[in-house]
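Chemist: what's the 3D shape of this:
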Amino acid sequence: MKRLLTLSAFLIAAVFAVLAYALPSNQFDLSFPLSEPEPLVPGASQPATALAAPELVPTAGEGEITIAWQPVTDAHSYELWFRLAANPWEELAAGTLISTTTIYTHTNLLPGDIYTYAGLAVSSSGEKGPWSSEVHATVLADLDAPVLTAAPGPARNDLSWQPVTDANTYELWAWESDGEWQRIDAGQLISATTSFTHANLTVGVTYYYQIRAFNADDAPGPWSAQVYATTNAALSPPTLTATAGAAQVTLTWQTVSDAAGYEIWTRQSDAAWQQIDNGSLSGTDTSFIHSGLGIGQTYYYTARSVAASGHKGPWGQQAEATPTNGLTAPALTATAAIGFISLSWQPVTGAAAYELWAEKDHADRERLDDGALTATSFTHDDLTPGTHYHHLVRALAADGTPGPWSQETESIVEGAFPAPNLTATPGVRQNTLSWDVVAGAAKYELWAWEESADWYRLDDGSLTVTTYNHTGLTIGNTYYYALRALTADDKEGLWSDHAEATVLGELTTPVLSATASAGQVLLTWLPVPGAETYELWVADSVSGWQQLDDGALTATTFTHSSGAAGTSYYYTLRAHAGDSKESAWSEHVSATP
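Modeler: Next comes the predicted model:
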């Protein structure tokens, strides 16, 4: 049996080098302020690796086979060998495959012949590495690849292709996800054949296909592109739509191909399913009215197609509907104001009362009316500014049965002030909160939350400034904050968006860099989270260590411009927080202006 060839596998070679460096020993004694920065540590080189086996990848062509491989580390040349069928092995291009060669085309081959290849790498000393795995390829004939198409059918897939010039036969293979490739044509596809039905398949399974042509000498051409198709059921189910009416439900669907009739079943809640069509539906029917139903009760429906032979297809998706009492849905309008929402709707014909509900932030749902709401307006008051509310209303008949719900409205309660713009900045064992002034606000209300506690208020009711330090916090914990403005009589504004900050621990060690130029040295470093100032020192062979900054260095650059040309200077740096916390000294760096 001829096998499908899959072009796969490649070898990625990576070369690693570790650069070693060493520092000259100090020629003088340096006395560091407080604690001495750690010395630099020399690196180490990595040993060379042995030769690996090349991984050959064959690609069959018309009258030729191309062999490719990824470069092998430390290879000086390669040996490539072949054999035809069970013939002795022979070497290809002996002595010419140098280290930069990673591809070779074996030409002048006869279509249909099967060749086997193996290779190895050779070092500059003549040492030979291990052999590669053997790979195989069949020389292709001068034939085109067929253009294959697959169309799904009921428990089958229909395959077709255009005829290939000079083709004598075709070979067709199939594969499914839980099996192996299998030939399905049984050797019966002659040159005049351009279609095939793959029958008796599992419904809903995807099958993959490839085909190739053979010439009169039984030499193969290239494989077609892979195509696939998923088999259909013998009969598709109708797609039901259920529309509620006054004490009835109207069911509609599109006709199903090959269906001679339909079955429709219904149930309520957990009751048993029962057929309601009495076998009276033909294949051309597309609607059914289920009448005499209970108002306000939900009915569930499903349907299936029936063939002329009596074969029944699968059940379709369920549809549901709740019959009404003829009442229509009110058209609800919601208007938000400061601390309340005004609701109104048009009267519904036949309504004896209305049922009104509210939902706060998609969580807390409550009925607003007392069961005797006959008006067509309602004020929902005493609401928290900035809160989202959703409202629904429906009409009730005299017997208490409901009509359909209105469209849901969404409103945001207005506040006396807009939401402040709150910012949280992490610090060492503290977070700093800041915000812009809210025009007209007499004071602010600030709250915090962390994972181990509920929301708690930070201020004492007299917060009038626009900054706040939240101190004594746990290192690494994330704290969340919200703020709103208040009037003098505590009328509330909108809440700010939540701000968050994760408390910092000890200050990290700065990473210092020095760049020399004419008469000066530029010192730079990355900001240290939580640092408020930096302390920068310099030393030379004469003066020892001296502080360069004035104790108020907040930038992350400094230019040392008083040094002598040709003199080597050494520098170190540490960060400070406002509460006398300090980082470790940076590693010392040197530069010569």
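Chemist: quick one: low-confidence parts of this protein?
Modeler: 1-49, 233-234, 309, 311, 578-580 (pLDDT under 70).
Chemist: quick one: the helices in it?
Modeler: Assigned by DSSP state H, the chain shows no helices.
Chemist: now do the domain split for it, please.
Modeler: Under the assignment automatic domain parsing, the domains of the chain span 1-47+506-593, 57-138, 148-230, 241-321, 332-412, 422-502.
Chemist: turn those into JSON lines, columns for mean neighbour count.
Modeler: Quick note: C-beta positions are derived from backbone N, CA and C, even for glycine. Output for the domains of the chain, formatted as JSON lines (neighbours: other C-beta atoms under 10 Å):
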{"stretch": "domain 1-47+506-593", "mean neighbour count": "14"}
{"stretch": "domain 57-138", "mean neighbour count": "16"}
{"stretch": "domain 148-230", "mean neighbour count": "16"}
{"stretch": "domain 241-321", "mean neighbour count": "15"}
{"stretch": "domain 332-412", "mean neighbour count": "16"}
{"stretch": "domain 422-502", "mean neighbour count": "16"}
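Chemist: residue contacts, E176?
Modeler: By C-beta atoms under 8 Å, 6 or more residues apart in numbering, the contact list for E176 reads 205-208.
Chemist: can you lay out the residues you listed as TSV showing distance to K443?
Modeler: Below are the contacts of E176 laid out as TSV (distance: C-beta to C-beta, whole Å):
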residue	distance to K443
V205	70
T206	67
Y207	73
Y208	71
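Chemist: which one of those is nearest S342?
Modeler: Using C-beta to C-beta, T206 is the member of the contacts of E176 that sits closest to S342, with 57.0 Å.
Chemist: T230 is in contact with the closest one, correct?
Modeler: Yes. If you go by C-beta atoms under 8 Å, T206 and T230 touch, sitting 4.5 Å apart.
Chemist: all strands for the stretch 151-300 of the chain, in order.
Modeler: 156-161, 169-176, 182-183, 195-198, 206-214, 227-230, 241-245, 248-252, 261-267, 274-275, 287-291, 299-306 (DSSP state E, counting those that start in this stretch).
Chemist: which strands and helices sit next to the first one?
Modeler: The one in question is strand 156-161. strand 148-153, strand 195-198, strand 206-214 (3 or more C-beta pairs under 8 Å, 6 or more residues apart in numbering; DSSP states H and E).
Chemist: list of residues touching the first one?
Modeler: Strand 148-153 is contacted by residues 157-161, 197, 207, 209-211, 224-225, 227-232 when judged by C-beta under 8 Å, 6+ apart.
Chemist: can you do 7 Å?
Modeler: Defining contact as C-beta atoms under 7 Å, 6 or more residues apart in numbering, one finds that strand 148-153 is touched by 157-161, 209, 211, 224-225, 227-232.
Chemist: between strand 206-214 and it, find me the angle.
Modeler: Interaxial angle, strand 148-153 versus strand 206-214 (axes from the mean of the first three to the mean of the last three C-alpha atoms, to 10 degrees): 140 degrees.
Chemist: just checking: what are the partner strands of strand 148-153?
Modeler: With DSSP bridges as the test, strand 148-153 is paired with strand 156-161 (antiparallel).
Chemist: again with the second one
Modeler: Listed by DSSP bridges, the sheet partners of strand 195-198 and their directions read strand 156-161 (antiparallel).
Chemist: which ones are touching the nearest residue to D399 once chain neighbours are set aside?
Modeler: Leaving aside its chain neighbours, D399 sits nearest to N325 (7.9 Å; criterion: C-beta to C-beta, 6 or more residues apart in numbering). Each residue near N325 by C-beta under 7 Å, 6+ apart is listed here: 246, 295, 397, 401, 403.
Chemist: list of residues touching stretch 426-439?
Modeler: Applying C-beta under 7 Å, 6+ apart, the set of residues contacting stretch 426-439 is 417-418, 420-425, 446, 466-473, 475, 479, 481, 483, 485, 493, 501-504, 507, 529-530, 577, 579, 581.
Chemist: let's see 8 Å
Modeler: 417-418, 420-425, 444, 446, 466-473, 475, 479, 481, 483, 485, 493, 496, 499, 501-507, 529-530, 577-579, 581.
Chemist: using CSV, write out every CA atom in it.
Modeler: Only the C-alpha atoms of stretch 426-439 are listed here, as CSV (Å, rounded to 0.1, in the frame of the first residue of the first chain):
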residue,chain,number,x,y,z
PRO,A,426,1.9,53.4,46.5
GLY,A,427,4.6,54.1,49.1
VAL,A,428,6.6,52.3,51.7
ARG,A,429,4.0,50.9,54.1
GLN,A,430,1.5,53.6,53.0
ASN,A,431,-0.6,54.8,50.1
THR,A,432,-1.1,58.4,49.2
LEU,A,433,-4.5,59.5,47.9
SER,A,434,-5.0,62.7,45.9
TRP,A,435,-7.8,64.3,43.8
ASP,A,436,-8.8,67.5,42.1
VAL,A,437,-10.9,70.1,43.8
VAL,A,438,-14.7,69.6,43.2
ALA,A,439,-16.3,73.0,42.7
